[in-house]
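Student: below is the sequence, then the predicted model.
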Amino acid sequence: MTPATAADVLAALGARGWTLGIAESLTGGALCAEVVSVPGASAVLLGGVVAYATPVKATVLGVDARLLEEHGPVHPRVALEMAEGVRRVVCVGDSAADVGVSTTGIAGPDSPDGQPVGTVHIGVVTPIASRTTEFHFAGDRSSIRQQTVAAALGALHEMLAE
């Protein structure tokens, strides 16, 4: 995956005339903050949701509660449903965001469900495709979160380049 900046992502979205919604768990708003650090982000970014608690993923983003109960929040399908759900949540009028991106994973220092710390799933949904990517990052909590933000930008940019 090629590294991408928030400016790269916003330029690619703008070139397509697409808007963006961001759903975050382990990154706790860091991805959205990175995107809004770019001047002009408001032309593309509609909003973001930090669904840190597992139940919020279901109640706000519409992630299947049974999926969360059976597999927990760190699962590829959860990432995909978060990305789909945020598109609806940040709608303006009757227009949902064209693109949704999500982050879910375990930043540590402990793992509540037994999956290795550093396990991350990123979901991206566009009008023409959807994909989840699994990552296994090393480092401390802060490093894993930073790596996740970079990976989410890279995954999003890659999907927009197709």
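Tutor: Arrived safely, thanks for sending.
Student: tell me, how many neighbours does residue 155 end up with?
Tutor: A count of nearby residues for residue 155, using other C-beta atoms under 10 Å, gives 22. All C-beta atoms are positioned from the backbone trio N, CA, C, and that covers glycine.
Student: kindly report the same for the one 5 residues further on.
Tutor: Residue 160 is surrounded by 20 other residues when neighbours are defined as other C-beta under 10 Å.
Student: contact partners of the strand or helix carrying it?
Tutor: In the assignment (DSSP states H and E), residue 160 maps to helix 141-161. Contact with helix 141-161 is made by 1-6, 8-9, 12-13, 16, 18, 26-28, 30-31, 34, 99, 101, 103, 105-109, 117-118, 120, 122, 124, 126, 129, 131, 133, 135, 137-139, as judged by C-beta atoms under 8 Å, 6 or more residues apart in numbering.
Student: just the buried ones from the residues you listed?
Tutor: 4-6, 8-9, 12-13, 26-27, 30-31, 34, 99, 101, 103, 105-108, 117-118, 120, 122, 124, 126, 131, 133, 135, 137 (16 or more other C-beta atoms under 10 Å).
Student: brilliant, that's me finished.
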